[in-house]
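Colleague: what follows is a predicted structure for the sequence shown.
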Amino acid sequence: MMHKGSCLCGRVSFKVAGALPAPTACHCVNCRKTSGHIEASCDVQKSDLTIEGAAHLAWFASSPKVKRGFCAHCGSSLFFNPNFHDWIGVSMGAFDGETGVKLALHIFVGEKGDYYEIADGIPQNQR
């Protein structure tokens, strides 16, 4: 099984080998600022991810523990890459077509914006 995705302009594309794990939705301030709302991603093994057009990726160290990858041309937020881990978060909105997964968890709901409610019945973690 192979899942494909890309940025808005198509300069960066990627493939993830195998089934995707259930994604989480992050409501922390950093994710809200980089995505414009909340950020939903699934964590895949780095060895299962192939990136084409990596020369068009820009990386921003949003904290001492993580960097975020986005297209340097169109600005699409694509990756959440924690330092010293063998996994990388891939933004759900960047996948092409059906993913076959459903959201499993909301995290950092203690930092969520005041302009929306979470009422989907999915478990929520304060952090």
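Modeller: The structure has been received and is ready for your questions. None of these values were measured; they are calculated from a predicted model.
Colleague: please count neighbours and contacts with C-alpha atoms only from this point.
Modeller: Noted.
Colleague: which residues does the residue nearest the centre of the chain bridge with?
Modeller: In the chain, the residue lying closest to the centroid (CA atoms, centre = their mean) is Ser91, at 2.7 Å. Going by DSSP bridges, Ser91 is paired in beta bridges with Ser41.
Colleague: separation between it and Leu103?
Modeller: 12 Å (CA to CA, to the nearest Å).
Colleague: try Phe60
Modeller: Applying CA to CA, the value for Phe60 to Leu103 is 26 Å.
Colleague: comparing those two, which residue is more hemmed in?
Modeller: Ranked by neighbour count (other CA atoms under 10 Å), Phe60 and Leu103 place Leu103 first, with 17 against 12.
Colleague: ok, and the closest non-adjacent residue to the more buried one?
Modeller: Pro23 (5.0 Å; CA to CA, 6 or more residues apart in numbering).
Colleague: now do Ala40
Modeller: Ala25 (4.2 Å).
Colleague: pretty sure the one you found sits against Lys102.
Modeller: No: applying CA atoms under 8 Å as the test, Ala25 and Lys102 come out as separate, 10.8 Å apart.
Colleague: those two: which has the busier surroundings?
Modeller: Taking neighbours as other CA under 10 Å, Ala25 and Lys102 compare with Ala25 leading, 21 against 11.
Colleague: quick one: contacts of the helix or strand harbouring the more buried one?
Modeller: Assigned by DSSP states H and E, Ala25 falls within strand 24-26. Under the contact criterion CA atoms under 8 Å, 6 or more residues apart in numbering, strand 24-26 has outside partners 32, 38-42, 103-109.
Colleague: ok, now with 6 Å
Modeller: For strand 24-26, the external contacting residues (CA atoms under 6 Å, 6 or more residues apart in numbering) are Ile38, Glu39, Ala40, Ser41, Leu103, Ala104, Leu105, His106, Ile107, Phe108.
Colleague: include pLDDT, secondary structure and distance to Ala54 when you put those residues into a markdown table, please.
Modeller: Formatted as a markdown table, those follow (pLDDT from 0 to 100; DSSP: H, G, I helix; E, B strand; the rest coil; distance: CA to CA, whole Å):
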| residue | pLDDT | secondary structure | distance to Ala54 |
| --- | --- | --- | --- |
| Ile38 | 96 | coil | 25 |
| Glu39 | 96 | strand | 21 |
| Ala40 | 98 | strand | 22 |
| Ser41 | 98 | strand | 19 |
| Leu103 | 98 | coil | 28 |
| Ala104 | 98 | coil | 29 |
| Leu105 | 98 | strand | 30 |
| His106 | 98 | strand | 30 |
| Ile107 | 98 | strand | 29 |
| Phe108 | 98 | coil | 30 |
